[in-house]
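Peer 1: I'll drop the sequence and a predicted model, then ask my questions.
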Amino acid sequence: MKMKMKKIGVAIIMLLFVICSQMETVNSDASDCLDACSTACVQRDTRLMQRCDRKCQIKCGPDSKVEEDMS
């Protein structure tokens, strides 16, 4: 009985390992940042909405991107 439980446990662990190794992560993109930021800019006043959109362009623009050291 103990041996059967060990085999089932090992099989479950192997299955989880295979599933986890096949998962892919999605890297966020500037368009995702701009989309998420502008979605939060819902205003009745068009002037405030334009101001918020401009802040999003500054926040999510190419100059705001942090470069990572890949070495």
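Peer 2: Nice, I can see it.

Peer 1: Find the least confident helix or strand in the protein, judged by mean pLDDT.
Peer 2: The least trusted helix or strand in the chain, going by mean pLDDT, DSSP states H and E, turns out to be helix 30-39, with a mean of 78.

Peer 1: helices or strands next to whichever helix or strand comes after that one in the packing?
Peer 2: Elements were assigned by DSSP states H and E; along the chain past helix 30-39, the next helix or strand is helix 46-60. For helix 46-60, the elements it packs on are helix 30-39, judged by 3 or more Cβ pairs under 8 Å, 6 or more residues apart in numbering; DSSP states H and E. Any C-beta I mention is one placed from the backbone N, CA and C, and that applies to glycine too.

Peer 1: Which positions within the helix it packs on qualify as buried?
Peer 2: 33-34, 37-38 (16 or more other Cβ atoms under 10 Å).

Peer 1: how about low-confidence regions in the protein?
Peer 2: Of all residues in the chain, those with pLDDT under 70 make up the ranges 26-31, 64-71.

Peer 1: repeat that with 50
Peer 2: Regions of the chain meeting the criterion pLDDT under 50 cover residues 66, 68-71.

Peer 1: looking at it, which residue ends up farthest from its center?
Peer 2: Within the chain, Met1 marks the point farthest from the mean C-alpha position, 44.1 Å out by Cα atoms, centre = their mean.

Peer 1: ok, it - contacts?
Peer 2: Contact analysis of Met1 by Cβ atoms under 8 Å, 6 or more residues apart in numbering lists nothing.
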